[in-house]
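**Q** Fold the following, please.
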Amino acid sequence: MSRKQGKRFRADLEKVIETPVPLEEAIGRVKAFKPTKFDQTVEICMHLGIDAKQADQMLRGSISLPHGVGGAAKRVIAFVSADKVKAAKEAGATEAGAEDLVKKIEEGWLDFDVAVAEPAMMRVVAKLGKQLGPKGLMPSPKAGTVSANIVQAVTEFAAGKVEYRNDSGGNVHAAIGKYSFTAEKLADNANAFISHITRLKPAATKGTYIKKITLSATMTPGVPVLV
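**A** Residues are numbered from 1 along each chain as shown. As a prediction, this is how the structure comes out:
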């Protein structure tokens, strides 16, 4: 255990039981930890039996959870043709455009959380690979950020649509709400995410697909969930 962990975390850690428990009980245990002065984000981590080095086993996408995830609205920009700029901004985009928006980003502007694009705009957005790729901001069909329905995409991501992608260890992390959410809302969101990832099981995956699930909040230890 790191010496940097505070008294609150160490006290919470003593309450953790390593035996996995049903989802509802796990949520109850997370919410029973000592609260902080801010509304923590509750996160789910699913450890999957995938080979993260194989392209056909990688998971990446997005999902709108039943009760959203709370917190501040995300800053969304949209790469669209001139005739759709107004609609994109009315849907919630902080900036919208084509070559002009590309130039702004090339000059160093990155004041946004999500970038969405129409399919036809990807030839323009391709110029930004070096700027957006390393930061995970490049629009992608798999992540749902390349869409023919740009108004819907902007609306959903601005409201907190959750993006996810597996890491090199085969783990998929996602926020499922705030500490202030009721246990029922957290359970609904968690079940929706688990079901979504379960349906995406790659055909090439061998052995156990969902190996482990853990719930935690920003400042709490993890609580193992019964798979």
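**Q** Any idea how many residues pack against the closest residue to Arg165 other than its chain neighbours?
**A** With sequence-adjacent residues excluded and distances taken as CB to CB, 6 or more residues apart in numbering, Arg165 is closest to Arg60, at 4.0 Å. Every C-beta, even on glycine, is put in place using the N, C-alpha and C of the backbone. The number of residues packed near Arg60 is 15, by other CB atoms under 10 Å.
**Q** What's the per-residue pLDDT of the residue of the chain positioned farthest from its centre here?
**A** Most distant from the centre of the chain: Asp83, at 30.4 Å, with distances by CA atoms, centre = their mean. At Asp83, the model reports a pLDDT of 96.
**Q** What's the separation between it and Ala96?
**A** Asp83 is 11 Å from Ala96, where distance means CB to CB, to the nearest Å.
**Q** Quick one: the helices in this structure, in order.
**A** Along the chain, counting by DSSP state H, helices occupy 7-13, 23-32, 85-90, 99-106, 122-125, 129-132, 150-158, 183-199.
**Q** Ranking those by mean neighbour count, which comes first?
**A** Neighbour counts (mean count of other CB atoms under 10 Å) averaged over each of the helices of the chain peak at helix 150-158, with a mean of 22.
**Q** for the record, mean pLDDT for that helix?
**A** Mean predicted lDDT for helix 150-158 stands at 93.
**Q** Residue ranges of each domain in the chain, please.
**A** The record's domain parsing of the chain by automatic domain parsing lists 17-69+162-225, 76-158.
**Q** any weak-confidence spans in the chain?
**A** Judged by pLDDT under 70, the chain has its weakly predicted residues at 1-16.
**Q** Tell me which stretches of it form strands.
**A** 41-48, 60-63, 76-79, 95-97, 114-117, 162-165, 171-178, 210-217, 223-225 (DSSP state E).
**Q** Partner strands of the second one and their direction?
**A** Pointing back at strand 60-63 there. Sheet pairing here is set by DSSP bridges, and for strand 60-63 it gives strand 162-165 (antiparallel).
**Q** With adjacent residues omitted, what lies nearest to Ala87?
**A** Distances taken as CB to CB, 6+ apart place Val151 nearest to Ala87, at 5.5 Å, with adjacent residues excluded.
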